[in-house]
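Colleague: Fold the stuff below for me.
(chains A and B, ligands or ions: 1)
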Amino acid sequence: MAGTALLGRLSERLRWRACTLVEERNETSSARTLVFDVPDWPGHFGGQHVDVRLTAEDGYSAQRSYSIASAEAGGRLELTVQRVAEGEVSPYLIDQLAVGDQIELRGPVGGWFVWQPEQTEPVLLVAGGSGLVPLMAMIRARRAAGSRAPFRLIYSVRSPGDRIYLAELRRLDPGLDTTFLYTREAPDGWPRPAGRLDAEDLARAGWPPDFEPTVYVCGPTGFVEHAADLLVDLGHDAERIRTERFGPSGG
Amino acid sequence: MTVISRGFHRRRPVDEKLPPGQYETRDFPVLSAGPTPRIDLDTWSFDISNESGAKRSWSWAQMMALPYETPVVDLHCVTKWSKFGTRWQGVSLDVLLADVETSADYALVHSYGGYTTNLPLDDLLDGKAWIAYRYDGEDLPPQHGGPARLLVPHLYLWKSAKWVHGIELKLQDEPGFWETAGYNNYGDPWREQRYWGD
Ligand SMILES: Cc1cc2nc3c(=O)[nH]c(=O)nc-3n(C[C@H](O)[C@H](O)[C@H](O)COP(=O)(O)OP(=O)(O)OC[C@H]3O[C@@H](n4cnc5c(N)ncnc54)[C@H](O)[C@@H]3O)c2cc1C
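Modeller: Residues are numbered from 1 along each chain as shown, chains lettered A, B, ... in the order given. Next up, the predicted model:
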């Protein structure tokens, strides 16, 4: 299945599918996971995303990209949406879409920012905010495949309450080390003062460049630029750093 | 069949037609990176290759035989002019890409004369881009990119490569001619992405 999931005819990838919300749960006060039943889902890899389309009664429609959060599992697809205040689509998905409602989506999209179970090299995941979503899909795919590839996750959030998937990350995954970083407000007694990701964080909690890890960085555009620059400065080969930017329209 | 989302509506007012920093013009300025190439329709081709090198080609006659559309679009040039309601005829990239096997995310566009420009593949799909060969009811004049040019009106015009020759699909983004020379890698006029760092 692996090959076909990724290398699909574009016309199939392009097709909008009506899918149904079957379950939802809150991750934090501002992020919610939506579980969809998607007929004829062709399969996907951790790191890929879908495009979601909403259409208003007057015909106006809006499309946004959302990373797939779940590992491949029989036609069910999970997205985790972070609320953007004043946003057009994210508040709708979080507040208004109810179990039983339909939306349209197409995908999977993305062939580069993916992790495949055949990969055995060390992996460094660097997440800023909701940039954790596609990286979590990689962690889940690793677990589902029984892979022993060593993973390290560096997860930067504003404050403790912003951590999504916290319970799951706290469960021990052998071979996965997680480091939390806080940019605004750290928990009491936390050794590292609140502040943005720096070279020291990456050197301490990442892999040395000579281990030749594949590095996946995902988050808001500014976070990704900053992290990728630091990684190159630390000696990581640019070819092994893959990035996904959650800017408003791909820029 | 479209799914209507109850209670979903446009949040932002209908946009003014001018992106930030642009002014309207009624003529059609010509700006190119080099001389206008001379292209023979008998040897013209449009090629799409995927990341493993597999190639599909269309001759001029084959391109003319494909279903076409007649988009009416606004153009925005990075040199600050915008032109409203331009009328084109051309083949949607959805038609040309439909049967291409690929997992690529990026497209590098090649032109006769050596010009290149890059875009995310998504920006060529879903009714957003055409290979245009007629403008305002006439064959596309050479100075405007004839016999055929790419038309991607939602991005600055340097992405709408004139004298288009083919598209290379790529797993990794590769900046093209202007992008390597300091122009923005994406070029969204509504976000004024003119140069690197915008
Ligand atoms: C590959 C990819 C994967 C992604 N994955 C996820 C994910 O897993 N989870 C997630 O939560 N998000 C993800 N995103 C981001 C997501 O696509 C949306 O951008 C996000 O949900 C915000 O959409 P919105 O419609 O709510 O906000 P928008 O309405 O797009 O608004 C976003 C911000 O831009 C401003 N803005 C937008 N348009 C204009 C305008 N015309 N003029 C002035 N200001 C404007 C708004 O005021 C607001 O501050 C991903 C993005 C990409 C590219």
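
Colleague: Any stretches of the chain with poor pLDDT?
Modeller: Using chain A. Counting by pLDDT under 70, chain A contains low-confidence ranges at A:1-8, A:248-251.

Colleague: other chain: chain B
Modeller: B:12-15.

Colleague: Which single strand of it contains the most residues?
Modeller: Ranked by number of residues, the top strand in chain B under DSSP state E is strand B:81-92.

Colleague: The helix or strand just after that strand: which residues count as buried?
Modeller: Counting by DSSP states H and E, the element after strand B:81-92 in chain order, helix or strand, is helix B:93-97. Using 16 or more other Cβ atoms under 10 Å in any protein chain shown as the test for burial, helix B:93-97 gives B:93-94, B:96-97. Quick note: C-beta positions are derived from backbone N, CA and C, even for glycine.

Colleague: cool, stretch A:11-30 as well?
Modeller: Result for stretch A:11-30 [16+ other Cβ under 10 Å]: buried residues A:13-14, A:16-17, A:19, A:21, A:24, A:27-28, A:30.

Colleague: Do you have the strands of the chain handy? List them.
Modeller: In the absence of a named chain, chain A is used. Per DSSP E, chain A carries strands over the ranges A:8-9, A:17-26, A:31-37, A:49-55, A:61-67, A:76-82, A:102-109, A:123-128, A:151-157, A:176-182, A:214-219, A:241-245.

Colleague: The chain in question should be chain B.
Modeller: According to DSSP E, the strands that chain B contains are B:23-24, B:45-49, B:55-59, B:72-76, B:81-92, B:101-102, B:106-111, B:116-120, B:130-135, B:138-139, B:149-151, B:164-170.

Colleague: hey, which of the ones you listed is tucked in deepest?
Modeller: Comparing those by mean neighbour count (mean count of other Cβ atoms under 10 Å in any protein chain shown), strand B:149-151 ranks first with a mean of 25.

Colleague: so how far is that one from its chain's centroid?
Modeller: Relative to the centre of its chain, strand B:149-151 is centred 4 Å away, using Cα atoms, centre = their mean, to the nearest Å.

Colleague: Give me every residue in the stretch 51-200 of chain A lying close to chain B.
Modeller: Selection of the stretch 51-200 of chain A residues close to chain B by Cβ under 8 Å from any Cβ of the partner chain yields A:51, A:54-58, A:60-63, A:86-88, A:92, A:96-97, A:101-104, A:109-113.

Colleague: Contacts only, for residue 75.
Modeller: Here I'm looking at chain A. By Cβ atoms under 8 Å, 6 or more residues apart in numbering or on different chains, residue A:75 lies in contact with A:37-41.

Colleague: hmm, I had chain B in mind actually
Modeller: By Cβ under 8 Å, 6+ apart, the neighbours of residue B:75 are B:82-83, B:86, B:153, B:157, B:160.

Colleague: hmm, 7 Å instead?
Modeller: B:82-83, B:86, B:153, B:157 (Cβ atoms under 7 Å, 6 or more residues apart in numbering or on different chains).

Colleague: In space, what's closest to the residue of the stretch 151-251 of chain A found nearest the ligand - neighbours in sequence excluded?
Modeller: Nearest residue of the stretch 151-251 of chain A to the ligand (Cβ to the nearest ligand atom) works out as residue A:246 at 4.2 Å. Distances taken as Cβ to Cβ, 6 or more residues apart in numbering or on different chains put residue A:220 closest to residue A:246, at 5.4 Å, once the chain neighbours are dropped.

Colleague: Backbone torsions only: list them for that neighbour.
Modeller: The phi/psi pair for residue A:220 (degrees, to the nearest 10) reads phi -60, psi 150.

Colleague: and the gap between it and residue A:237?
Modeller: As for residue A:220, its distance to residue A:237 is 24 Å (criterion: Cβ to Cβ, to the nearest Å).

Colleague: who has more neighbours, those two?
Modeller: The neighbour count for residue A:220 versus residue A:237, taken as other Cβ atoms under 10 Å in any protein chain shown, is higher for residue A:220 (16 against 13).

Colleague: how close does the more buried one get to residue A:234?
Modeller: Taking Cβ to Cβ, one finds residue A:220 at 21 Å from residue A:234.

Colleague: Check residue A:169 too.
Modeller: 24 Å.

Colleague: on that earlier part again, please list only the buried members of the residues of the stretch 51-200 of chain A next to chain B.
Modeller: A:51, A:54-55, A:62-63, A:87-88, A:92, A:97, A:103-104, A:109-113.

Colleague: Which of the residues you listed sits closest to chain B?
Modeller: Closest approach between these and chain B, by Cβ to the nearest Cβ: residue A:111, at 3.1 Å.
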